[in-house]
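Undergrad: Prediction below, plus the sequence it came from.
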Amino acid sequence: MVDFLGGREMLASYEREVRASGLRERLLDKGREHLAAVGGSGHSLGAIGYTEGTYLYAVLRHVRPQVAVETGVANGFSTAFSLLALERNGEGHLHSVDLPREVGRDYDPGTFYEGEGRAGIPSGSEPGWLIPPELKERWTLILGRSQDELPSLLDRLGMIDSFMHDSEHSFDCMWFEFNEAWPHLREGGVLLSDDVNSTEAFPRFVREQGRRPTRLARGMALLQK
Ligand SMILES: C[S@@+](CC[C@H](N)C(=O)[O-])C[C@H]1O[C@@H](n2cnc3c(N)ncnc32)[C@H](O)[C@@H]1O
């Protein structure tokens with residue numbers, strides 16, 4: 001990670017930027033709101049942690065994507081860190097695909113993958129509801145399953161600079177997303193994934209590409225093209 005960013009001082013300066021933004025305090029505050037709204041329902045925030053978020057921020061500050069794509073928004077933790085990076089870069093746009101699970105709503109059996117960690121958004125809210133509104137200018141949200149929405153999104157975008165998976169952590173979905181996104185990634189672009197240890201998809205994809213991944217924090221890694 002430190003090597004990828006070009007040294008420890010680069011990481012430290014990105015960490016200072018995130019601290020100075022006040023995003024951590026906002027997310028803690030909104031996390032408490034989420035708990036008050038959905039606590040006891042069996043749903044979670046499903047969010048990446050602060051350390052992972054800071055690393056995601058650092059990667060996107062370093063890569064400076066013009067076109068960034070991610071799957072899996074839920075309440076909006078990873079999206080907020082990504083959008084903060086784009087704002088600080090002063091360029092780029094993030095396209096996110098999410099099939100939200102609203103707490104208290106009934107869904108047809110099979111709508112969500114059984115092994116899903118039951119990330120839920122409060123009743124009546126939108127995916128990414130906790131993202132600071134001023135960061136949303138560089139954001140487009142597409143609602144639906146990534147299996148349905150990702151191919152046409154990528155076709156519309158052509159080449160992309162970064163891709164992040166954090167939607168359905170089944171082997172099939174992860175494998176599908178990595179293989180859809182990779183041909184659209186420019187040389188030097190990055191494919192990031194959370195929960196890389198949850199299935200064989202990431203290690204197998206890495207082996208097939210014959211490249212070395214960069215481990216970020218707890219379960220998160222990237223592969224540079
Ligand atoms: C782990 S959460 C995302 C957490 C988010 N990245 C964060 O850091 O706060 C996964 C999200 O993907 C959604 N999801 C589940 N299956 C999906 C699918 N097939 N396509 C797109 N989104 C899906 C879930 O409902 C949830 O909103």
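TA: That came in fine, so what should we check first?
Undergrad: Where do the strands of the protein begin and end?
TA: Taking DSSP state E, the strands of the chain run over residues 67-71, 93-98, 139-143, 160-165, 185-193, 214-215, 221-224.
Undergrad: Which strands and helices lie in contact with the first one?
TA: Counting by 3 or more CB pairs under 8 Å, 6 or more residues apart in numbering; DSSP states H and E, the packing neighbours recorded for strand 67-71 are helix 77-89, strand 93-98, helix 146-157, strand 160-165. For every residue, glycine as well, the C-beta is placed using N, CA and C.
Undergrad: any chance of these in a markdown table, plus mean pLDDT and mean neighbour count?
TA: Converted to a markdown table, these look like this (pLDDT from 0 to 100; neighbours: other CB atoms under 10 Å):
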| stretch | mean pLDDT | mean neighbour count |
| --- | --- | --- |
| helix 77-89 | 98 | 24 |
| strand 93-98 | 98 | 23 |
| helix 146-157 | 98 | 16 |
| strand 160-165 | 98 | 25 |
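Undergrad: With distance to the ligand added, can I get these in JSON lines?
TA: Formatted as JSON lines, the helices and strands packed on strand 67-71 follow (distance: least, CB to the nearest ligand atom, whole Å):
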{"stretch": "helix 77-89", "distance to the ligand": "3"}
{"stretch": "strand 93-98", "distance to the ligand": "5"}
{"stretch": "helix 146-157", "distance to the ligand": "4"}
{"stretch": "strand 160-165", "distance to the ligand": "8"}
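Undergrad: got these as a markdown table, with distance to Met220 columns?
TA: Below are the helices and strands packed on strand 67-71 laid out as a markdown table (distance: least, CB to CB, whole Å):
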| stretch | distance to Met220 |
| --- | --- |
| helix 77-89 | 9 |
| strand 93-98 | 17 |
| helix 146-157 | 18 |
| strand 160-165 | 9 |
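Undergrad: And the pLDDT at Gly117?
TA: For Gly117, the pLDDT comes out at 66.
Undergrad: Between the strands of the chain, which one is closest to Gly120.
TA: Smallest distance to Gly120 across those (CB to CB): 12.2 Å, for strand 93-98.
Undergrad: For that closest one, name the packing helices and strands.
TA: Secondary-structure packing of strand 93-98 (3+ CB pairs under 8 Å, 6+ apart): strand 67-71, helix 77-89, strand 139-143, helix 146-157.
Undergrad: which bits of the protein sit near the ligand?
TA: Residues of the chain lying near the ligand by CB under 6 Å from any ligand atom: 46-48, 71-78, 97-101, 112-113, 116-117, 119, 145-147, 166-168, 173.
Undergrad: So Arg64 sits against Ala58, correct?
TA: No: in this structure, Arg64 is not within contact of Ala58 by CB atoms under 8 Å, at 11.8 Å.
Undergrad: Compare neighbour counts for those two and give me the winner.
TA: Neighbours per residue, other CB atoms under 10 Å: of Arg64 and Ala58, the larger number sits with Ala58, 25 against 16.
Undergrad: Show the contacting residues for that one.
TA: Going by CB atoms under 8 Å, 6 or more residues apart in numbering, Ala58 touches Met1, Leu5, Met10, Leu11, Tyr14, Glu15, Ala85.
Undergrad: And for it, nearest residue in space, chain neighbours not counted?
TA: Spatial nearest neighbour of Ala58, excluding adjacent residues (CB to CB, 6 or more residues apart in numbering): Tyr14 at 3.9 Å.
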